[in-house]
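**Q** A predicted structure for the sequence below; I have some questions about it.
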Amino acid sequence: MEEKIRAKTDHRVIIGDSRRMEEVEDKSVHLVITSPPYPMIKMWDEIFRKLDERIDRSWSRLEVETDAKMREKYVKRIYELMHENLAKVWREVYRVLVDGGIACINIGDATRSLNGQFRLFANHSKVIEYCEKIGFTTLPYILWKKPTTKPKYKGKGAFLGSGFLPPNAYVTLDCEFILIFRKGGLRKFKPKDEMRHASKYTKEERDSWFTQVWDVVGVKQSIPDIERRVAAFPEEIPYRLIRMFSVIGDTVLDPFLGTGTTTKVAMSLNRNSIGYEIDEGLIEVIKEKVRSFDCSVEIINKIKKFEY
């Protein structure tokens, strides 16, 4: 059980584009926890279109193209460009992490019908591919089993396609991936490092957390105007990851902060934090989430206006 040590911590929320994290120094972050927009999930199409005009142009052409082969090229180009934009963030994450620092990326795969074909877009494998090219070492990942994501087939079960008739039904996506990467070798500590020992977890916590499948119920946002555009991210997820992969006094970064859950949990666990969020409309939501903590939060707004 982590010792109850109260320490002064610093927290920054930067309203800006995490593809360029100029405010964060090289090798100054110990742990990254984030959940980016998932490529090829419809609710995030507009975000990607606004981030990259090449994606916007390709979507526009896809919508009017009649040739199936050309449409397929546009589908593949859109998917690749979405991950290219995320990779710019992963490069920045690599830059700002200390040697031995850990990055935890929550990402879900996508299923979608495009160009007349239902298919899987394996986002987790794309993130691994790009992160390994950047230089990260891939560690065993976690499968986050989310009961709330199961679709219904005529009000029953969780099956897609032809129901009870083989062979055209589809396996339901009811897990997301928490990908785990390390920069360089093992992080080094001084012998009997006080903060490291104060940050220990119990045997029960270790046995529960360091297993590949997590049953953590997803949560719905209680604020109606952001429910459509912000993914639910229960506090239990960053709580476990911060305890597992950082020590008291470390700095935790979330480059896709959303409503501020990672910042809130970092505060509660005596870690410093930095968060990037491109939607300035979430500033008040973030402030409300962290209001109960006796911590100062510096908010830097680099964006005049950004609309989803």
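**A** Nice, thanks for sending it over.
**Q** When you work out contacts or count neighbours from here on, use the C-alpha atoms and nothing else.
**A** Noted.
**Q** Mind listing what's buried along stretch 283-293?
**A** 283, 285-287, 290 (16 or more other Cα atoms under 10 Å).
**Q** And the residue lying closest to K88 once chain neighbours are set aside, how far from V89?
**A** Distance criterion Cα to Cα, 6 or more residues apart in numbering; nearest residue to K88, sequence neighbours excluded, is R19 at 5.2 Å. Distance, R19 to V89, using Cα to Cα, to the nearest Å: 4 Å.
**Q** Comparing these two, which residue is more hemmed in?
**A** Just comparing R19 and V89: by other Cα atoms under 10 Å the higher neighbour count belongs to V89, 20 against 17.
**Q** Contact partners for Q212?
**A** For Q212, the contacting residues are 140-143, by Cα atoms under 8 Å, 6 or more residues apart in numbering.
**Q** Please report how far it lies from R49.
**A** Q212 is 34 Å from R49, by Cα to Cα.
**Q** Strands of the protein, residue ranges please.
**A** Under the criterion DSSP state E, the chain contains strands at 11-15, 29-34, 97-107, 110-114, 117-121, 137-145, 175-182, 213-215, 251-254, 272-277, 297-301.
**Q** Touching the longest one from outside, list them.
**A** With contact meaning Cα under 8 Å, 6+ apart, strand 97-107 is reached by 26-36, 38, 93, 123-124, 176-188, 241, 245.
**Q** Which entries within those residues meet the buried criterion?
**A** Among the contacts of strand 97-107, those classed as buried by 16+ other Cα under 10 Å are 28-36, 38, 93, 123-124, 176-184, 241, 245.
**Q** hmm, back to that, give me the buried entries from the contacts of Q212.
**A** With burial judged by 16+ other Cα under 10 Å, the buried subset of the contacts of Q212 is 141-143.
**Q** Tell me the one of these nearest L114?
**A** Using Cα to Cα, L143 comes nearest to L114 of these, at 26.5 Å.
**Q** what bridges to that closest one?
**A** Note on L143: beta-bridge partners by DSSP bridges are F177, V213.
**Q** ok now do the residue nearest the centre of the chain, which residues does it touch?
**A** Centroid-nearest residue in the chain: S35, 1.1 Å away (criterion: Cα atoms, centre = their mean). S35 makes contacts with 105-107, 256, as judged by Cα under 8 Å, 6+ apart.
**Q** Let me see the contact set for I78.
**A** I78 makes contact with 55, 58-59 under the criterion Cα under 8 Å, 6+ apart.
**Q** Under the pLDDT cut-off, which ranges of this protein? List them.
**A** Within the chain, the stretches falling below the threshold (pLDDT under 70) are 1-6, 147-163, 218-232, 304-308.
**Q** run the last query once more with 90
**A** For the chain, the stretches flagged by pLDDT under 90 are 1-8, 115-116, 146-172, 174, 192, 216-233, 289-297, 302-308.
**Q** biggest helix in it, by residue count?
**A** What stands out as the longest helix in the chain, according to DSSP state H, is helix 68-96.
**Q** ok, and for it, which residues are buried?
**A** Result for helix 68-96 [16+ other Cα under 10 Å]: buried residues 71-72, 74-75, 78-79, 81-83, 86-87, 89-96.
**Q** related to what we said a few turns ago, show me which of the buried ones among the contacts of Q212 is closest to D207.
**A** Top of the list for closeness to D207, among those and by Cα to Cα, is I142 at 13.7 Å.
**Q** What distance do you get for T202 to R243?
**A** In terms of Cα to Cα, T202 sits 11 Å off from R243.
**Q** Same question for S60.
**A** 45 Å.
**Q** Name the residue in these two with the higher neighbour count.
**A** Taking other Cα under 10 Å, S60 and R243 do not tie; R243 has more neighbours (20 against 13).
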